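> Fold the following for me, if possible:
(one chain, ligands or ions: 1)
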Amino acid sequence: MDKRVQDVAIAEIEALPIDPASPLIISDADEVILQFMAGLEKYLETQGFWIDLSSYAIHGNVKHQADDSHVEDAHVTELIRAFFHAHTDTIEVVPEAPAVLKQLSERAQIVVLSNVPASRRDDRIRCLHSQGVEYPVIANSGPKGPAVAALAERVDAPIFFLDDIPHHITSVAETAPHVRRVHFVADPRLARLIEPAKDCDHRIDDWHELRQVIEHEIDRFFSGGG
Ligand SMILES: [Mg+2]
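Sure, this is the predicted structure:
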């Protein structure tokens with residue numbers, strides 16, 4: 001983990017206006033709010049490649065269009081970096097996400113916690129804001145547990161964490177075990193390829209179902225059901 005980046009994320013979190021009495025939803029961006037894989041796929045196709053979605057990974061699954069040969073890992077890393085450079089501000093939202101988040105924002109505070117390169121943070125904010133997702137964005141690096149714990153200690157109400165990557169769910173389970181962890185995979189092709197994360201409380205891949213579950217848990221908390 002890059003400690004300097006982590007410290008920046010923690011400083012950003014400490015500067016956020018947070019209401020301790022209001023529920024908090026901490027959401028990942030890529031593959032939860034944003035159609036990351038669909039965007040990357042489109043980009044790869046313009047560059048002479050395609051991604052064979054036969055397992056839940058990017059490295060190892062990118063192939064040359066010409067002969068279906070595998071693209072080596074270092075080159076894939078470079079392609080992902082180039083994609084973020086060119087398209088961070090234009091990745092499309094998951095269609096239902098902005099409206100459902102808006103509904104949830106009537107009951108909860110919302111923060112986007114995204115492992116986007118620090119240099120692309122402003123592009124990410126522009127991308128989300130232009131598509132109706134207007135909440136604070138924290139640019140994190142490495143496991144998300146420390147940033148979630150820093151947010152969680154400021155809130156005395158239900159807290160929810162949404163992410164598509166199991167190791168972030170595990171990281172949050174370790175640092176802030178009382179946070180309700182939702183494993184969410186927006187792209188149905190990817191959702192089929194991955195089992196529920198071992199440390200999640202819920203596996204949900206649909207924004208409307210997510211809203212029902214979160215609202216139910218908030219209702220239960222405020223009616224005294226814990
Ligand atoms: Mg993600």
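> Settle this for me: residue 88 is touching residue 123, isn't it.
Yes. Counting by CB atoms under 8 Å, residue 123 is a contact partner of residue 88 at 3.8 Å. Where C-beta positions appear, they are placed from N, C-alpha and C, glycine not excepted.
> neighbour count winner among those two?
Looking at residue 88 and residue 123 with other CB atoms under 10 Å, you find the greater number of neighbours at residue 88, namely 23 against 19.
> Report the contact partners of that one.
116, 120, 123-124, 127 (CB atoms under 8 Å, 6 or more residues apart in numbering).
> Let's see which of the residues you listed end up in strands.
Applying DSSP state E to the contacts of residue 88, no entry is found in strands.
> Pull out the buried members of the residues you listed.
116, 120, 123-124, 127 (16 or more other CB atoms under 10 Å).
> Nearest to the ion among those?
Taking CB to the ion as the measure, residue 116 is the one of those closest to the ion, at 9.8 Å.
> roughly how far apart are the spatially closest residue to residue 70 that is not a sequence neighbour and residue 71?
What sits nearest to residue 70 in space, not counting adjacent residues and going by CB to CB, 6 or more residues apart in numbering, is residue 63, at 5.9 Å. Distance of residue 63 to residue 71, given as CB to CB, to the nearest Å: 6 Å.
> Neighbour count for these two, which is higher?
Each of residue 63 and residue 71 has its neighbours counted (other CB under 10 Å); residue 71 has more, 21 against 16.
> Can you name the residues bridging to the residue of the chain found nearest the ion?
When scored by CB to the ion, the chain has residue 30 as its residue closest to the ion, at 3.8 Å. Here residue 30 shows beta-bridge partners residue 34, assigned using DSSP bridges.
> remind me which residues of the chain are low pLDDT?
1-8, 225-226 (pLDDT under 70).
> Once you drop chain neighbours, what's closest to the residue nearest the centre of it?
For the chain, residue 28 is the residue whose C-alpha lies nearest the centre (CA atoms, centre = their mean; 1.8 Å). Of all residues beyond its chain neighbours, the one nearest residue 28 is residue 163 (4.2 Å), with distances taken as CB to CB, 6+ apart.
> same check, this time on residue 69
Nearest one to residue 69, counting by CB to CB, 6+ apart, is residue 63 at 6.4 Å.
> What helix or strand is the one you found located in?
Assigning secondary structure by DSSP states H and E places residue 63 in strand 62-64.
> just to revisit the earlier point, my read: the residue nearest to the centre of the chain touches residue 166, true?
No. Using CB under 8 Å, residue 28 is not in contact with residue 166, being 12.0 Å away.
> how about a markdown table for the contacts of residue 88, with distance to residue 198 added?
A markdown table is the format used below for the contacts of residue 88 (distance: CB to CB, whole Å):
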| residue | distance to residue 198 |
| --- | --- |
| 116 | 26 |
| 120 | 30 |
| 123 | 33 |
| 124 | 29 |
| 127 | 31 |
